[in-house]
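> my questions are about this predicted structure, shown below with the sequence.
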Amino acid sequence: MAFTIAVDGPAAAGKGTISRAVAAHFGFAHLDTGLLYRAVGRRTLDGIKAIDAATVLVAEDLLADDLRSPEVAQAASKVAVLPEVRAALVDFQRAFARRSGGAVLDGRDIGTVICPEAEAKLFITASAEVRAQRRFAELVADGVRTDFDRVLSDVWERDARDMGRADAPLRPAEDAVRIDTSQIDIDAAVAQAIDAVNRAHRSD
Ligand code: CDP
């Protein structure tokens, strides 16, 4: 049985944690599509053209250990503006979404462009300050030297680029269930997400 759960939202809203927990709950596979853009962005920092990197991307590229750095995040959002890069990554994501046994994909355009027919769609948000606070704590825990204002301006810059691009801009699908995680902890957010998927399943 194929069943796709599309999870979209801006940087550090909690998509990744919620998606992993939802996938574990339902026994589905999980794909963090941001890693595809991060892997391409990382290659551009070595001087490789984005479209060339996107065309030859392989699964092992998603395992590189520096993909979570702020520099790679910015590079990812720059290559994500390019329609030919996005096009090169579509087939892989769609095949993953329709694998048998169910799939959770998180990203920016899963419910709107990659899987408009997804059985369940979630849009995870939080205020920019809360998101920057969370990302700052993650970076500090990973030993990255940075300061809060820098992380906040990175979040703003990436939000503006992701929402403002012409191809597949970040926005909620009309039928997405919105979950604002600004005031709730991760357990409550996961519970809301599972509840929304169960409701979508029953109305199928
Ligand atoms: O973890 P975080 O939310 O900070 O970022 P990410 O999900 O790893 O995505 C990194 C960048 O890739 C984003 O800022 C987007 O520009 C881009 N992206 C995208 O355009 N479409 C997706 N489906 C996933 C990520």
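Thanks, I have the structure now.
> next one: phi and psi at the spatially most central residue of the chain?
Nearest residue to the geometric centre of the chain (CA atoms, centre = their mean): Gly107, 2.6 Å. Listed backbone geometry of Gly107 is phi 180, psi -140, with angles given as degrees, to the nearest 10.
> check the closest residue to it other than its chain neighbours and give its pLDDT.
Leaving aside its sequence neighbours, Gly107 sits nearest to Thr33 (CB to CB, 6 or more residues apart in numbering; 3.6 Å). (C-beta placed from N, C-alpha, C; glycine too.) If you check Thr33, the pLDDT there is 98.
> distance of Thr33 from Asp147?
Separation of Thr33 from Asp147 (CB to CB, to the nearest Å): 29 Å.
> can you give me the helices in the chain?
Along the chain, counting by DSSP state H, helices occupy 15-26, 34-45, 50-55, 70-79, 83-97, 128-141, 148-164, 186-202.
> for stretch 172-190, C-alpha coordinates in PDB please.
What follows is stretch 172-190, C-alpha atoms only, in PDB (Å, rounded to 0.1, in the frame of the first residue of the first chain):
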ATOM      1  CA  PRO A 172       1.100  25.700   2.600                       C
ATOM      2  CA  ALA A 173      -1.000  23.500   0.300                       C
ATOM      3  CA  GLU A 174      -4.700  24.500   0.600                       C
ATOM      4  CA  ASP A 175      -5.600  21.200   2.200                       C
ATOM      5  CA  ALA A 176      -2.600  21.100   4.600                       C
ATOM      6  CA  VAL A 177      -3.300  21.000   8.400                       C
ATOM      7  CA  ARG A 178      -1.200  23.700  10.000                       C
ATOM      8  CA  ILE A 179       0.600  23.100  13.300                       C
ATOM      9  CA  ASP A 180       2.200  26.100  15.000                       C
ATOM     10  CA  THR A 181       4.900  24.800  17.300                       C
ATOM     11  CA  SER A 182       5.900  28.200  18.800                       C
ATOM     12  CA  GLN A 183       4.100  27.600  22.100                       C
ATOM     13  CA  ILE A 184       4.000  23.800  22.300                       C
ATOM     14  CA  ASP A 185       6.700  21.200  23.100                       C
ATOM     15  CA  ILE A 186       7.700  18.500  20.600                       C
ATOM     16  CA  ASP A 187       5.600  15.700  22.200                       C
ATOM     17  CA  ALA A 188       2.500  17.800  21.800                       C
ATOM     18  CA  ALA A 189       3.400  18.700  18.200                       C
ATOM     19  CA  VAL A 190       4.000  15.000  17.300                       C
END
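> ok, residues contacting that stretch?
Applying CB atoms under 8 Å, 6 or more residues apart in numbering, the set of residues contacting stretch 172-190 from outside is 6, 8, 13-14, 17-18, 21-22, 25, 111-112, 116, 120-127, 130, 192-193, 196, 200.
> the helices of the chain into a markdown table, with extra columns for distance to the ligand and mean neighbour count?
Below are these laid out as a markdown table (distance: least, CB to the nearest ligand atom, whole Å; neighbours: other CB atoms under 10 Å):
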| stretch | distance to the ligand | mean neighbour count |
| --- | --- | --- |
| helix 15-26 | 6 | 20 |
| helix 34-45 | 2 | 22 |
| helix 50-55 | 12 | 18 |
| helix 70-79 | 3 | 19 |
| helix 83-97 | 7 | 16 |
| helix 128-141 | 7 | 17 |
| helix 148-164 | 5 | 16 |
| helix 186-202 | 15 | 16 |
